[in-house]
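# next come a sequence and a model predicted from it.
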Amino acid sequence: MNCKKASEAIERREVQALSFAEKLSLKWHLLNCSICRAHARFSLTIGAAIRSSQLDAKVQALENTLKKRIQNIIDETTKD
Amino acid sequence: MKDKTARSSFNDWVNAYTGELLRWAIYKTGDHELSQDIVQDTFVAAWQGLDGFQNQSTPRTWLFSILRRKIADWFRSRDRDALGKESISEEEAETLFQNHFDAEGRWSSADFENNEVEEMEEKLQLCLEKLPDNWRDVLESKYIQCMKADEICQVFGLSPTNYWQIIHRTKVLMRSCLGTREQV
């Protein structure tokens, strides 16, 4: 297994189970390749980074007033 | 037609999904005021089109698909002259991607920096923007909307293979973009 295949397998295993042989060669490759180990770590941290990039406490307040606003509008449209 | 039961379960949707829809709209448009209007329009459209919702998807997926359209409409009207979103062809994808591995499938550059989440953040937005539109949408759906892989495949019309290839390619591109120390 080369680096391309290994880094692909790291994502592919989310949707397709790897065969026993693939799991073994992925393990072996990661054991021997520090760049792919770093890539595997990155594969996880990038998700956390993207998620936290949109955290915004201010939104919480907007959310509550918006809910009321929407419900009022729906009520208006359903009268009569 | 729409009876009290429909009204009350729709209320539950408003309570359950307003926050997520709002955060997504803000993330995409960067505008709090506008996002509230878009989310409001989304629910009004959903309420009017409720008969079209046939439980084929979850309410959440359905609402997000309406929201996506509303946001896309807004971007279109804003950038009347700019090019719309276009899917990247397999050929373009290869070109974009070919430098990252050599012929034997080894990483072609070892410029591997230790990326810590904190130092990623400043460049994150810039790097996300450099991705092809539809790849970025998939990545964001996965990590911001926390959609499951099969849901993403359904919404974007992807096979599982398309899906993991996109995730793989975006991560390689993101790592390479984030790892570059010089100004982007």
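Nice, thanks for sending it over. Numbers count the residues shown, from 1 in each chain, chains lettered A, B, ... in the order given.
# what about stretch A:28-42 and chain B, touching?
Yes. Using CB under 8 Å from any CB of the partner chain, stretch A:28-42 reaches chain B at A:35-36, A:38-39, A:42. All C-beta atoms are positioned from the backbone trio N, CA, C, and that covers glycine.
# for stretch B:135-151, buried residues please.
If you call a residue buried by 16 or more other CB atoms under 10 Å in any protein chain shown, then stretch B:135-151 has these buried ones: B:135-145, B:147, B:149, B:151.
# if we can go back for a sec, from the residues of stretch A:28-42 next to chain B, list just the buried residues.
A:36, A:38-39, A:42.
# restricted to strands, list the residues you listed.
Nothing among those maps onto strands, per DSSP state E.
# redo the residues you listed as CSV? Include pLDDT.
Formatted as CSV, those follow (pLDDT from 0 to 100):
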residue, pLDDT
A:36, 93
A:38, 90
A:39, 91
A:42, 89
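# farthest-separated two in those residues?
A:36 and A:42 (10.2 Å; CB to CB).
# what residue ranges in chain B score low on pLDDT?
Counting by pLDDT under 70, chain B contains low-confidence residues at B:1-2, B:80-87, B:109-122, B:180-184.
# and the closest residue to residue B:127 other than its chain neighbours, what does it touch?
With sequence-adjacent residues excluded and distances taken as CB to CB, 6 or more residues apart in numbering or on different chains, residue B:127 is closest to residue B:177, at 3.8 Å. Residue B:177 is in contact with B:123, B:126-127, B:130, B:184, counting by CB atoms under 8 Å, 6 or more residues apart in numbering or on different chains.
# among these, which are in helices?
B:123, B:126-127, B:130 (DSSP state H).
# against residue B:165, how distant is the one residue in chain B that gets nearest to chain A?
Chain A sits closest to residue B:105 of chain B, with a gap of 3.3 Å, by CB to the nearest CB. Distance, residue B:105 to residue B:165, using CB to CB, to the nearest Å: 15 Å.
# same deal with residue B:68?
22 Å.
# picking up where we left off before, most neighbours out of the contacts of residue B:177, which is it?
Counting neighbours by other CB atoms under 10 Å in any protein chain shown, residue B:127 comes out on top of the contacts of residue B:177 with 21 neighbours.
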